[in-house]
Every structure is written in C-alpha cells, then in structure tokens.
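Peer 1: sharing a model prediction with you, sequence too.
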Amino acid sequence: MPLSYQQPSPTKAKSKQAEGGGTGAGGSTKQSRFGNGFLMQQAIEKAAKDSGGSVDWGRSLGKEDPGKNVYPEGPGDTQAQGAGANGARKEQKDALPALREKHAGKSYEDVKDGKAFVQGAGDDKEVDPNDVAQGQLGDCYLMAGMAAVARANPDQLKKIIKDNGDGTYNVTLYIRKNPYSAPTPVTKTVDGRLPSSGGGSTLYAGTGDKAGGATEMWPALLEKTVAQHKGSYEQISGGNIGKGGFNFAGATEMFTGKAEGYKNVDNLQEDDILLELGAALEAKHTCTVDSRDMSSNEALTKESTPYNVYGNHAYAVQAVDMDKRTVDLQNPWGSHHVKALPVALFKKFYRGIRVGG
C-alpha cells in the first residue's frame, strides 16, 4: 500500500539555518559556500564561464524542457500571524482567487499592518530566504523558487513588488503567451487580504518578519498573484500549475524572466552534482532541486526522512561543501532543513536540478 506522508507540525520561528551561505548545522551567512579544495577552483572557473553573458545558463544545463517535468507537490502546514488595524484601505478590482476546495468554509483576512518588505532581526537585507514559509498548499516548487531568488538576487524581488502604500501592491510576473515565446512582464494589483484559518493565521504562504509595527508580505503576495493568474489556489498546486493553458516553465522564471534549465540527477556523477550546485551558487544563479517520488518505496522513505528529505518535494539549494562533499538545502516549510547531506545520498534521494538566471 503506498505510503501517505504527513508533514510534521513545525514551529513558525524561522531558523537562521535557512539563510544562504555557511555549512553544517551552525553555518554562518558570512562563510563561503565552498570548502577549500581543488574542486572549489573548478567550480569557480565553471561559474565564471557560464555567467559570462555569451552562454545561456539554461541551455548549458541541457536540452530538457522543464515544462515537461512533473512539479513536486509536497504538503505543508506552516502558519504565520496576521495583524492589527490602522485605517481605511483600498481593495483590488479583480475577484479574489478561490480557496482550495477543502478550505471552502474559510475566508480572507486583511493584514492591515502589512508591508511588502520588512527587515527582520539579524537579517542583512529586507529580502531574506528565511522569509519563506509554505502553508497548507502543495506549492513547494513555488516557495522553493522564491527562496532561491531571495538568495541569488534579493533586489529582483523588490523590483517586481511595488507597495502602493494604500493596502494594495503591484506585482509583476513574467508570463509566456505560448510555450515557445519569451516570458514577458504582466502586472496585477492585489491587496493585503490573505486566506486565513482564523485568529490571524494564514492558510497558505506565511507572512515574513515583524518589525517596527509592520508584517512582511512578499512571499504571500507572490503566491496570491500566481493564484490570481490561475483563478484559484487549488490551481497552483504542483500538479495543476501547467494546466488550463497557463504556459509554465519554472517558478524562478516567473520571478526573474530568465529561463530555468533542468538536469536529471540520474545522468550525473557525484562530482558533477557538486559542481553544478556549487557553480550555480557561486555565480548567484537560482538553484532548486526536486526529490524523488517515494510514495511506493517504503525503504527509501525510511532512509531519507532522518535527513529531512521528503518525497516529491522541492528544496532551495543553500550551500555546498566541496571538501566534505555535502549539500545544504532549504526546506520551503521554513523548518526541517537538510544539513550536510552527503552527495551520494543526494544522488539517491533527488531526481532533478533546476538552475535559473
């Protein structure tokens, strides 16, 4: 009988282990993402070559079309707190996206102290990968993509989200008109009303930091805007995002406008995996990975779970240690991150690597 995995109930407190840089359980964001071995120099040279402008990273990863791959739909139940009241607010003109069918009895709640970006205690910038926390929606691919962009190019997220200061936000995504066209910017205006489970807790993407009397909104705003394009939150779950004529070719492409390349882990040697992941981080390219579908493999599930690797789930790559031959991955739940995973086990547990511009 296939296993049905139920996510543990993580606390909302965001671990600084989710930040970029650093290796091992206590890694610091000030450390290099690489060890000091010979492979490091190879990775840096590869990164410089691949990011030199004349080479498209997506093409350099291979000819596989990421739009033809199955996108992970890992479960999530991380919650975040909404808040307070401070005056009259505008509302978006478009109808609010429908909630998931299982949440038909729930409603939206206005986050009245919301701001697009808030710099939390200990964060170097307003946009930080640890702002991301997946909720009760199977869109780990989307949340991992947000974390990857926040790590590689946080200023890009500030470019595509404009806080209008009146309770509304202009959010720009890069959308393909057809599967073969280049992604073009499309802006929608959304408001600060978010799906709520009651008592100020969000149903789906959590809010981020709280500081200066404000609650950070950018992950929830991006998720809501994708749902706005699709018409409902149900339709942005992993298995649904590419349906209904929506030309989807990768989460990070929607946020950056740059193509997302895909490589099958089964076609890579362990050294290749380390170089691909390490070079992407060093070149400040977005990088996410997909775990294997383990629903019918009880032994693999039992082996992977102690490492916080869950089947059919997307993670953002956080760090690579070339000397120790390990990988750190950020779980978009906001907890249960993967630390110091040996590359041999990465090859065993994961099936795909996605690198964007």
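Peer 2: That came through fine.
Peer 1: just the helices from this protein, written as ranges.
Peer 2: 38-50, 57-61, 140-152, 154-160, 218-230, 251-256, 270-282, 298-304, 343-349 (DSSP state H).
Peer 1: closest one to Gly239 among these?
Peer 2: helix 140-152 (10.2 Å; Cβ to Cβ). For every residue, glycine as well, the C-beta is placed using N, CA and C.
Peer 1: and the angle for the closest one with helix 218-230?
Peer 2: 130 degrees (axes from the mean of the first three to the mean of the last three Cα atoms, to 10 degrees).
Peer 1: please state the offset of helix 140-152 from the chain centre?
Peer 2: Distance of helix 140-152 from its chain centroid, counting by Cα atoms, centre = their mean, to the nearest Å, is 2 Å.
Peer 1: that older thread, turn the helices of the chain into JSON lines, including distance to Leu203.
Peer 2: As requested, the helices of the chain are exported to JSON lines (distance: least, Cβ to Cβ, whole Å):
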{"stretch": "helix 38-50", "distance to Leu203": "39"}
{"stretch": "helix 57-61", "distance to Leu203": "34"}
{"stretch": "helix 140-152", "distance to Leu203": "14"}
{"stretch": "helix 154-160", "distance to Leu203": "22"}
{"stretch": "helix 218-230", "distance to Leu203": "10"}
{"stretch": "helix 251-256", "distance to Leu203": "20"}
{"stretch": "helix 270-282", "distance to Leu203": "32"}
{"stretch": "helix 298-304", "distance to Leu203": "27"}
{"stretch": "helix 343-349", "distance to Leu203": "29"}
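Peer 1: where does the chain dip in pLDDT?
Peer 2: Low-confidence segments of the chain (pLDDT under 70): 1-87.
Peer 1: show me it divided up by domain.
Peer 2: Domain ranges of the chain: 16-70+259-355, 101-253, per automatic domain parsing.
Peer 1: need those domains in JSON lines with mean neighbour count and distance to Ala95, can you?
Peer 2: Below are the domains of the chain laid out as JSON lines (neighbours: other Cβ atoms under 10 Å; distance: least, Cβ to Cβ, whole Å):
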{"stretch": "domain 16-70+259-355", "mean neighbour count": "19", "distance to Ala95": "27"}
{"stretch": "domain 101-253", "mean neighbour count": "20", "distance to Ala95": "9"}
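Peer 1: apart from its chain neighbours, what residue comes closest to Asp123?
Peer 2: Once flanking residues are discounted, Asp123 sits nearest to Asp209: 7.0 Å by Cβ to Cβ, 6 or more residues apart in numbering.
Peer 1: against Arg100, how distant is the closest residue to Pro97 other than its chain neighbours?
Peer 2: Nearest in space to Pro97, with sequence neighbours left out and distances taken as Cβ to Cβ, 6+ apart, is Ala227 at 3.8 Å. Distance of Ala227 to Arg100, computed by Cβ to Cβ, to the nearest Å: 10 Å.
Peer 1: just checking, Gly238 touches Ala144?
Peer 2: No - taking contacts as Cβ atoms under 8 Å, Gly238 lies outside contact range of Ala144: 10.8 Å.
Peer 1: so the closest residue to Val355 other than its chain neighbours versus Pro183, what's the distance?
Peer 2: Setting aside the residues directly before and after it, Val355 is nearest to Ala280 in space (Cβ to Cβ, 6+ apart), at 4.7 Å. Applying Cβ to Cβ, the value for Ala280 to Pro183 is 20 Å.
Peer 1: can you check Gly311 too?
Peer 2: In terms of Cβ to Cβ, Gly311 sits 30 Å off from Pro183.
Peer 1: do the same with Ala150
Peer 2: From Ala150 to Pro183 the distance is 19 Å (Cβ to Cβ).
Peer 1: and Ala148, by the same measure?
Peer 2: 17 Å.
Peer 1: just Gly231 next, same as before
Peer 2: Gly231 is 20 Å from Pro183, by Cβ to Cβ.
Peer 1: swap in Asp293?
Peer 2: 28 Å.
Peer 1: between the two ends of stretch 170-189, how far is it?
Peer 2: 4 Å (Cα to Cα, to the nearest Å).
Peer 1: who's in contact with that stretch?
Peer 2: 67, 92-94, 159-162, 164, 168-169, 190, 221-222, 225-226, 228-229, 247-249, 253-257 (Cβ atoms under 8 Å, 6 or more residues apart in numbering).
Peer 1: rerun at 6 Å
Peer 2: Applying Cβ atoms under 6 Å, 6 or more residues apart in numbering, the contact partners of stretch 170-189 are 92, 160-162, 168, 190, 221, 225, 228, 247, 253-254, 257.
Peer 1: excluding its backbone neighbours, what's nearest the most centrally placed residue in the chain?
Peer 2: Residue closest to the mean C-alpha point of the chain, counted by Cα atoms, centre = their mean, is Ala144 at 1.7 Å. Sequence neighbours aside, Ala314 is the residue nearest to Ala144 in space, at 4.0 Å (criterion: Cβ to Cβ, 6+ apart).
Peer 1: swap in Gln235?
Peer 2: That would be Gly244: by Cβ to Cβ, 6+ apart, it lies 6.6 Å from Gln235.
Peer 1: quick check: phi and psi at that neighbour.
Peer 2: Per-residue torsions, Gly244: phi 70, psi 30 (degrees, to the nearest 10).
Peer 1: mind checking how far Ile175 is from Lys188?
Peer 2: For Ile175 relative to Lys188 (Cβ to Cβ), the value is 10 Å.
Peer 1: tell me the contacts of the residue nearest to Pro97?
Peer 2: Ala227 neighbours (Cβ under 6 Å, 6+ apart): 97, 233, 236.
Peer 1: surely the last one and Gln228 touch.
Peer 2: The one in question is Ile236. No - if you go by Cβ atoms under 6 Å, Ile236 and Gln228 don't touch, sitting 9.7 Å apart.
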